[in-house]
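A.B. asks: just the structure for this:
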Amino acid sequence: MNFVTGSSLATGDHGRILVDPYLRAADRVFAVGDCAADPRGPLPPTANVAEQQGSYVAACLNNTYWNHVRADPGGPLPTPRPEYPAAMPFTFLKPLNRLWDATSEFAYVERGKMVSGGYWGGVVDATDSGISPVKTTVTGVTAFASWRGAYLSKQVSVTNMILIPMYWFKALLFGRDISRF
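C.D. replies: Numbering: from 1, shown residues only. Take a look at the predicted model:
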């Protein structure tokens, strides 16, 4: 039994926890990512959604709830102050989040979709992206390079950022190692 089905929280379609527009499942309980069901419409169970939801909840905890809970520990949580969507994935790009309106409710910004098609192939679809005014779909080597760059940028350690390209190069030279020790 997993946490979601074992909890007393209300669930909706596909067993996801029902949340309000502020990603609250109950008083002082938040749900984000694949386990959260947005009442305004389903969001795809992708890392982009979970990352933006996590940034939103963190901003609410730091900017609204922290001061409120210190002042009134037993009281209900207030409506969070307006936050800008976490559309930009990197700290140095955060000022660009101000291109969207700040709202108290969670707002998801589609950044596009990427698929790797093996070596030298792939697809990047930024058609529904709110970031680019140009409707864009890229395929082939450009999409492959974009996917690899995005993959590397999501690594949390410098060690992985160095090792992963080394493994890619090794696989390019010698093929994939499918042996098990």
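
A.B. asks: next helix or strand past the helix or strand bottoming out on mean pLDDT in the chain?
C.D. replies: Sorting the helices and strands of the chain by mean pLDDT, DSSP states H and E puts helix 3-6 at the bottom, at a mean of 74. Using DSSP states H and E, the helix or strand that follows helix 3-6 in sequence is strand 17-18.

A.B. asks: and that following strand, how far out from the chain middle?
C.D. replies: Offset of strand 17-18 from its chain centre (CA atoms, centre = their mean, to the nearest Å): 18 Å.

A.B. asks: got the contact list for that strand?
C.D. replies: The contact list for strand 17-18 (CB atoms under 8 Å, 6 or more residues apart in numbering) reads Val4, Ser7, Leu9, Ala10, Thr11, Gly12, Ala25, Ala31, Cys35, Ala36, Ala37, Pro39. In this view, the C-beta of every residue, glycine as well, is placed from N, C-alpha and C.

A.B. asks: what is the fifth one paired to in the beta sheet?
C.D. replies: Read it as Thr11. Ile17 (DSSP bridges).

A.B. asks: what's the lengthiest helix in the chain packed up against?
C.D. replies: Ranked by residue count under DSSP state H, the longest helix found in the chain is helix 158-174. If you count contacts as 3 or more CB pairs under 8 Å, 6 or more residues apart in numbering; DSSP states H and E, helix 158-174 packs onto helix 141-153.

A.B. asks: any idea of the mean pLDDT for the helix it packs on?
C.D. replies: Computed over helix 141-153, the mean pLDDT rounds to 87.

A.B. asks: okay, buried residues for it please.
C.D. replies: Residues of helix 141-153 classed as buried by neighbour count (16 or more other CB atoms under 10 Å): Ala143, Phe144, Ser146, Trp147, Arg148.
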